[in-house]
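J.: Compute the structure for the input listed below.
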Amino acid sequence: MLLLIAIPGGGEWIILLRLLEFIVFIFYINTLHKTFNAMSIENRKMNPAAVWWLLVPLFQYIWHFIVVNNMRESIKEEAQSNNILVNQQLSTYALGLATCVLSCISIIFGIFAEVPALICGIIYWSKIASYKNQILRHHVDSTSVSSESMSY
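T.: A predicted model of the protein is given here:
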């Protein structure tokens, strides 16, 4: 019987892991894009489409610092202008910076910095998604309140 799927060997595992890493990175960037999109235009410190520059090899290491900083400033502005209580914003920024630094270090030290960068990145991603949901929830709540007041 002929097997249609071969079990990958040593080098093939690395390719599969890098492909998986790339797919996950696309989802991460999409979350950043949606988070910037959820904010009011006047509170955004960056065009939402600009996060896709993170896909450019090597440039991504510099651009990621800029995205993390602009995300922090945008969330802060959005929270202040809409009276949204945002918890642990400083620790989220620190996680974003740690992800950026560890990603840069991983160029030299490889897996020893990639694993911590991945862990920090996943936690950062989760917190940014949470902020996005908070912002969207606030916009939905304020829209429903204004439509209720207009109906009377």
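
J.: switch to C-alpha atoms for all contacts and neighbour counts from now on
T.: OK.

J.: Let me see the contact set for residue 93.
T.: Contacts for residue 93 (CA atoms under 8 Å, 6 or more residues apart in numbering) come out as 68-69, 72.

J.: tell me the centre residue of this structure?
T.: residue 32 (4.1 Å; CA atoms, centre = their mean).

J.: Packing partners of the helix ranked longest in the chain?
T.: Identified as the longest helix of the chain according to DSSP state H is helix 111-151. Here helix 111-151 touches helix 10-38, helix 59-82, helix 89-109, going by 3 or more CA pairs under 8 Å, 6 or more residues apart in numbering; DSSP states H and E.

J.: can you rerun that using 7 Å?
T.: Packing partners of helix 111-151 (3 or more CA pairs under 7 Å, 6 or more residues apart in numbering; DSSP states H and E): helix 10-38, helix 89-109.

J.: Columns mean pLDDT on top of those, output as JSON lines?
T.: Listed next are the helices and strands packed on helix 111-151 as JSON lines, based on pLDDT from 0 to 100:
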{"stretch": "helix 10-38", "mean pLDDT": "91"}
{"stretch": "helix 89-109", "mean pLDDT": "92"}
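
J.: now, of those helices, which is deepest in the fold?
T.: Highest mean neighbour count of the helices and strands packed on helix 111-151: helix 89-109, a mean of 18 (counted as mean count of other CA atoms under 10 Å).

J.: That one vs helix 59-82, what angle?
T.: 180 degrees (axes from the mean of the first three to the mean of the last three CA atoms, to 10 degrees).

J.: Please state the offset of helix 89-109 from the chain centre?
T.: 12 Å (CA atoms, centre = their mean, to the nearest Å).

J.: measure residue 24 to residue 121 for me?
T.: To residue 121, residue 24 is 11 Å away according to CA to CA, to the nearest Å.

J.: How about residue 99?
T.: 5 Å.

J.: Same check on residue 39?
T.: 22 Å.

J.: same check, this time on residue 107
T.: Relative to residue 121, and taking CA to CA, residue 107 is found at 16 Å.

J.: got it, and residue 25?
T.: Residue 25 is 10 Å from residue 121, where distance means CA to CA.

J.: Between these two, which contacts overlap?
T.: Overlap of the contact sets of residue 25 and residue 121 (by CA atoms under 7 Å, 6 or more residues apart in numbering) is empty.

J.: coming back round to it: give the contact list for the residue nearest to the centre of the chain.
T.: residue 51.
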